[in-house]
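Visitor: Need a 3D model of the sequence below.
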Amino acid sequence: MSKRVCVYCSSSNTLDNKYNEAAEDFAKAAFLHNYTIVCGGSIRGLMGTIIDTMLSNNGFVEGIIPQFMQDIEIHHPNLANLTIVDTMSRRKELLRENCDAVVALPGGIGTLDELFEVFTLKKLDMYAGKVMVLNIYGFFDPLISLLDHLVKENCLCPNYRKSLLVFNSIDELIQAINSL
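Guide: Residues are numbered from 1 along each chain as shown. The predicted structure is shown next:
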């Protein structure tokens, strides 16, 4: 059975190319495993790289973008499965809906916002899928350290902390998704 995987990632075109290469490698692996990728629908940054890679391999991608962001993040013109919504809240809701997992790749404040929202929903038993981070090149090391600090200071339950699954390679991440 095909997996539905929501991907949170950067829409910036100024990231180090190593992150674009990792996004492309992830998308190639996702295609090989017949995943449906659900993402923000932008032509820019890692989102654009993932969409381009999936589409060039005849993979299936769904994009979700709010109307007001079409001027900020140009929607991917080749994305046939694009849903335009009214608000960011609705976008985030639809991104994770019916997904087996959400995966955060390198990104900025928007990626962190999406990640923390679904991480919180997981804690509240309002999201049944897995919450995963691709910590490629140690990108999320500072965030992981912060979460571990919160556990140490009794601000975060250790069991809750463990519900954020961290993978340092695409192979590990793909194996984990396949095991769902």
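Visitor: Using the three-state scheme, assign residue 28.
Guide: Recorded secondary structure, residue 28: helix (DSSP: H, G, I helix; E, B strand; the rest coil).
Visitor: Use 865 as the first number for this chain going forward.
Guide: Let's use 865 as the start, then, which means that last one is residue 892.
Visitor: Residue 956 against residue 979, yeah?
Guide: No. Between residue 956 and residue 979 there is no contact under CB atoms under 8 Å: 10.4 Å. Glycine gets a C-beta too; all of them are placed from N, C-alpha and C.
Visitor: Would you mind measuring from residue 900 to residue 960?
Guide: Separation of residue 900 from residue 960 (CB to CB, to the nearest Å): 13 Å.
Visitor: Looking at those two, which is more packed in?
Guide: Higher neighbour count among residue 900 and residue 960: residue 960, with 22 against 19, using other CB atoms under 10 Å.
Visitor: Show the pLDDT at the more buried one.
Guide: Turning to residue 960, the model gives it a pLDDT of 96.
Visitor: Would you check that it makes contact with residue 982?
Guide: Yes. Counting by CB under 8 Å, residue 960 touches residue 982, with 5.5 Å between them.
Visitor: what about residue 984, helix or strand, and which?
Guide: Applying DSSP states H and E as the criterion places residue 984 in helix 973-987.
Visitor: list the contacts for the residue nearest to residue 954 when sequence neighbours are not counted?
Guide: Leaving aside its sequence neighbours, residue 954 sits nearest to residue 930 (CB to CB, 6 or more residues apart in numbering; 7.4 Å). By CB atoms under 8 Å, 6 or more residues apart in numbering, the residues touching residue 930 are 948, 949, 950, 951, 952, 954, 955.
Visitor: if you set the cut-off to 10 Å instead, what comes out?
Guide: 904-905, 936-937, 947-956 (CB atoms under 10 Å, 6 or more residues apart in numbering).
Visitor: The nearest residue to residue 898 once chain neighbours are set aside: neighbouring residues, count only.
Guide: Once flanking residues are discounted, residue 898 sits nearest to residue 866: 4.8 Å by CB to CB, 6+ apart. Neighbourhood size, residue 866 [other CB under 10 Å]: 10.
Visitor: Next SSE downstream of the lengthiest strand in the chain?
Guide: As assigned by DSSP state E, the longest strand anywhere in the chain is strand 924-930. Using DSSP H and E, the next helix or strand after strand 924-930 towards the C-terminus is strand 946-949.
Visitor: As a check, name the ranges of all helices in this protein.
Guide: Per DSSP state H, the chain carries helices over the ranges 881-896, 909-920, 952-960, 973-987, 1005-1016, 1022-1026, 1034-1042.
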